[in-house]
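Peer 1: Provided below are the primary sequence and the corresponding predicted coordinates.
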Amino acid sequence: MTVFPESLASDPTDAIPPLEERPPLCAARLTVGVLGRLTGMLLTLLAIGYFTLPAFAAETLRLRGDVTARGDVLSLGDLVEGAGTEMAGKPLFRAPALGATGTIQTRRILDAVAGLGLGPVETGGRVQVAIQRAARRVGAPEIEAALKRTLESGHGLDPRVISIRLDGEAPVLLAPVDLNGAATALDVVYEPRSRRVTGLISLGERQASLRVSGLVVEMREVAILARAIRNGEPVTAADVTLERRPRESTPVDAQANLAAIAGEVAQRALGAGTLLRVGDTAPPELVARGEAVSIVYETPGVSLTMRGQANEAGRLGATVTVLNVASKKVLQAVVVGPARVSVGPAAPQRQASAALPAPIR
């Protein structure tokens, strides 16, 4: 309730001049000059608004979404957009540990912003912000490579034929993302009898380090079938891959020469993933039993070819018995190609009746 001073009339309307006592309203004529001035003022106001509105919009503070921290400290600019270059670097919170993830409640960020004397922040309805700390991860392959380099230079081990079975479950060295360079192995101790190795994996000048240990295992390459092979089926280069296996658990007759295996035929049914051993494959038979063959007789200056019949099958380089169709003699010959055998003056010969069955090997 408004209290009027005693000097005012008891009737409030007494303070309002009668209508006829009010000064008359003056109306100005709208001339061309007046209209021009009004138009200029309007354009000026529009220009001021056009150039100032973006500036006001740029100063609007907005809460960021999930954040990836690259350092130990979270600044205002890491969490809030539109803070400006001068205020963006203000430190607010400590970042999570390397490789870890944490959260910050939105109210805590708003309190920190208010403490800097800044205006309200648009949160977009978020109640918390997730923070992930970026980190460089040095995994088992890099750790093993660093140990191998030191074992080669300090102990003469060939890194191509060894593998290091690290203790524990996949050790990982976490380091700041800006810590570049290859990992190195320091303080390496190797025991040849037990084949145990220990060392300190380091980045930079021990800015990040991890102590590891493991077992040095001698490896060898072996041939592994990539698909199932039927008995008598040829093996191609695409059917076989080389893998490195521990030498101590690998059969001594394991095959590893892909060039020699390609073109051979399986001597039994072999499943996918089979480690090929000597005897699992063999060169194909170039001469079949009962097949018509060409018998070649060669000496310096003399070359004869006769018709024959193989009494037994044979691979390249194998010695087989063949029947000379013309003379009915059984000869021993060496397989030199498909359906082709060779005899010579020095080659052993054996005569037999054509009616007798040929011996079978």
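Peer 2: Okay, I see it.
Peer 1: just for the stretch 1-150 of the chain, where's the confidence low?
Peer 2: Residues of the stretch 1-150 of the chain that meet the criterion pLDDT under 70 lie in 1-40, 42-59.
Peer 1: same thing but 50
Peer 2: For the stretch 1-150 of the chain, the stretches with pLDDT under 50 are 1-27, 50-58.
Peer 1: where along the stretch 101-250 of the chain do the helices fall?
Peer 2: 106-115, 140-155 (DSSP state H, counting those that start in this stretch).
Peer 1: mind checking those for the one nearest to residue 188?
Peer 2: helix 140-155 (4.6 Å; Cβ to Cβ). C-betas here are computed from N, CA, C, even on glycine.
Peer 1: dump that closest one to CSV, keeping only the CA atoms.
Peer 2: Only the C-alpha atoms of helix 140-155 are listed here, as CSV (Å, rounded to 0.1, in the frame of the first residue of the first chain):
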residue,chain,number,x,y,z
ALA,A,140,53.8,-56.8,-26.0
PRO,A,141,55.1,-56.6,-29.7
GLU,A,142,57.1,-53.4,-29.0
ILE,A,143,58.3,-54.7,-25.6
GLU,A,144,59.5,-58.0,-27.2
ALA,A,145,61.2,-56.0,-30.1
ALA,A,146,63.1,-53.9,-27.5
LEU,A,147,64.3,-56.9,-25.6
LYS,A,148,65.4,-58.7,-28.8
ARG,A,149,67.5,-55.7,-29.9
THR,A,150,69.3,-55.7,-26.5
LEU,A,151,69.8,-59.5,-26.6
GLU,A,152,71.2,-59.3,-30.0
SER,A,153,73.7,-56.5,-29.2
GLY,A,154,74.6,-57.7,-25.7
HIS,A,155,74.3,-61.5,-25.9
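Peer 1: check what contacts that helix and list those residues.
Peer 2: Contact with helix 140-155 is made by 157-159, 162-164, 166, 170-173, 182-185, 188, 190, 192, 197, 199, 201, 210, 212, 214, 216, as judged by Cβ atoms under 8 Å, 6 or more residues apart in numbering.
Peer 1: let's see it at 6 Å
Peer 2: The contact list for helix 140-155, computed with Cβ atoms under 6 Å, 6 or more residues apart in numbering, reads 157, 159, 164, 166, 170, 183-185, 188, 190, 199, 201, 212.
Peer 1: next one: stretch 240-253
Peer 2: If you take Cβ under 6 Å, 6+ apart as the criterion, stretch 240-253 is touched by 217-224, 226, 258, 261, 277-278.
Peer 1: and stretch 262-274, by the same measure?
Peer 2: For stretch 262-274, contacts defined as Cβ under 6 Å, 6+ apart pick out 225, 227-237, 281-284.
Peer 1: so what strands line up beside the strand or helix carrying residue 295?
Peer 2: Here residue 295 sits within strand 292-299, counting by DSSP states H and E. Looking at strand 292-299 with DSSP bridges, its partner strands are strand 302-310 (antiparallel), strand 340-343 (parallel).
Peer 1: for the shortest one, list the C-alpha coordinates in PDB.
Peer 2: The reference is to strand 340-343. C-alpha atoms of strand 340-343 as PDB (Å, rounded to 0.1, in the frame of the first residue of the first chain):
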ATOM      1  CA  ARG A 340      60.200 -91.600 -70.200                       C
ATOM      2  CA  VAL A 341      63.000 -93.700 -68.800                       C
ATOM      3  CA  SER A 342      66.700 -93.900 -69.500                       C
ATOM      4  CA  VAL A 343      69.100 -96.800 -69.800                       C
END
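Peer 1: just the buried positions in it, please.
Peer 2: For strand 340-343, the neighbour count (16 or more other Cβ atoms under 10 Å) marks 340-341, 343 as buried.
Peer 1: give me the mean pLDDT for it.
Peer 2: Averaged across strand 340-343, the pLDDT comes to 93.
Peer 1: now the longest one
Peer 2: Mean pLDDT, strand 302-310: 91.
Peer 1: quick check: next helix or strand after it?
Peer 2: Taking DSSP H and E, what comes next after strand 302-310 is strand 314-315.
Peer 1: partners of the very next helix or strand once past that following strand, with directions?
Peer 2: Next along the chain after strand 314-315, taking DSSP H and E as the criterion, comes strand 319-324. Sheet pairing for strand 319-324, assigned by DSSP bridges, gives strand 302-310 (antiparallel), strand 329-337 (antiparallel).
Peer 1: same for the lengthiest strand in the chain, what does it pack against?
Peer 2: Identified as the longest strand of the chain according to DSSP state E is strand 208-225. Where contact means 3 or more Cβ pairs under 6 Å, 6 or more residues apart in numbering; DSSP states H and E, strand 208-225 is packed against strand 162-166, strand 196-203, strand 240-246.
Peer 1: contacts for that strand next, please.
Peer 2: Residues outside strand 208-225 that contact it (Cβ under 6 Å, 6+ apart) are 143, 161-167, 171, 173, 175, 195, 197-198, 200-202, 240-247, 250, 254-256, 261, 270, 272, 274-276.
Peer 1: still on that earlier bit, closest to residue 65 out of the strands paired with strand 319-324?
Peer 2: strand 329-337 (74.6 Å).
Peer 1: in that closest one, which residues are buried?
Peer 2: 329-331, 333-335.
Peer 1: just the buried ones from the contacts of strand 208-225?
Peer 2: 143, 162-164, 166, 171, 173, 175, 195, 197-198, 201-202, 240, 245, 250, 254-255, 261, 270, 274-276.
Peer 1: if we can go back for a sec, closest one to residue 103 among the strands paired with strand 292-299?
Peer 2: Closest among these, using Cβ to Cβ: strand 340-343, at 81.0 Å.
Peer 1: and the closest one, how far from the chain's centre?
Peer 2: 56 Å (Cα atoms, centre = their mean, to the nearest Å).
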